[in-house]
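[1] here's a sequence, model it:
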Amino acid sequence: FHRVTARHGDVDFARPFTDGFTDRIAAHIGHVGTVGDQGDFSRRHQVFSNDELGVLTESFNLMTEQLDLARANAQQSQHEIESARAYLESILANLSSGVMVFDDKLKIRTVNRSAEQILQIPLIHLEGLAIDECVEKEPRFHLLASEIQNGFGLTQTGEWQRQVLHFSENKDQVLLLRGT
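    So this is what the prediction gives:
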C-alpha cells in the first residue's frame, strides 16, 4: 500500500513540471505544422528556456530562417534565368542571321525565324527533334543536316566552319555554317 501511495505521489509531484513542458512541446509542434503544411518560413517561435526544448526551438528557428533565405535566393535565381532567356529570345528573334542551336546529341534546341526565311524550310516545329528526325520530317533539310553532322563529327577543336551551296525555289545561296 505504501508503494502505491509513493508512486501516486511521484506522479502528482511531476505533473506540474510536465504540464508546462508538454504545453511548450504542443506549441512547438503547432509551429512545425505551419512550416510543413503552409511552407511559411517567416515565423519564428519564441525561445523560453535554455533546456533541450529551448535548444531545439532555437535550432528550428535557425533552420526555418535558412530555408526562407534559400527559397528567396532560388526565386531570385529563377527570375534572373527567365529574364536572361527572354533577353536572348528577343535577340535571336531580331537577328538577320539565321541561328540554329543544337544540343550535344544534335537535337535542335532553338531556331530563329531568320533561319527559316533564309533556308525557306519550316524549322520551328522541329525544335526538340534529333537532326535525323528533322530530315525525315523535312527532306529539304538533308544537305544542311549532313554538313552539320560532318562539321560536329570531324572537329577536334570544338569549332568548325564551312560554306555550303543551298538551292531554294527563288535563288541559290552560299551559306556559311559555323559550329562551336
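[2] how far off centre is stretch 60-69?
    22 Å (C-alpha atoms, centre = their mean, to the nearest Å).
[3] pLDDT of that stretch, averaged?
    Here stretch 60-69 scores 86 as its mean pLDDT.
[4] how about it as CSV, C-alpha atoms only?
    Output in CSV follows, covering the C-alpha atoms of stretch 60-69 (Å, rounded to 0.1, in the frame of the first residue of the first chain):
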residue,chain,number,x,y,z
PHE,A,60,14.4,25.0,-35.6
ASN,A,61,14.2,28.8,-35.9
LEU,A,62,17.7,28.9,-37.5
MET,A,63,16.7,26.1,-39.9
THR,A,64,13.5,27.9,-41.0
GLU,A,65,15.4,31.2,-41.4
GLN,A,66,17.9,29.4,-43.7
LEU,A,67,15.1,27.7,-45.6
ASP,A,68,13.4,31.1,-46.1
LEU,A,69,16.7,32.6,-47.4
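[5] tell me the buried residues in that stretch?
    60-61, 64, 68 (16 or more other C-beta atoms under 10 Å). (Each C-beta comes from the backbone N, C-alpha and C, glycine too.)
[6] tabulate those residues (TSV), appending distance to residue 176 and secondary structure.
    As requested, the buried residues of stretch 60-69 are exported to TSV (distance: C-beta to C-beta, whole Å; DSSP: H, G, I helix; E, B strand; the rest coil):
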residue	distance to residue 176	secondary structure
60	61	helix
61	61	helix
64	56	helix
68	51	helix
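[7] partners of the helix or strand where residue 163 lies, with directions?
    Secondary structure from DSSP states H and E places residue 163 in strand 160-167. Next to strand 160-167 in the sheet, as set by DSSP bridges, lie strand 172-179 (antiparallel).
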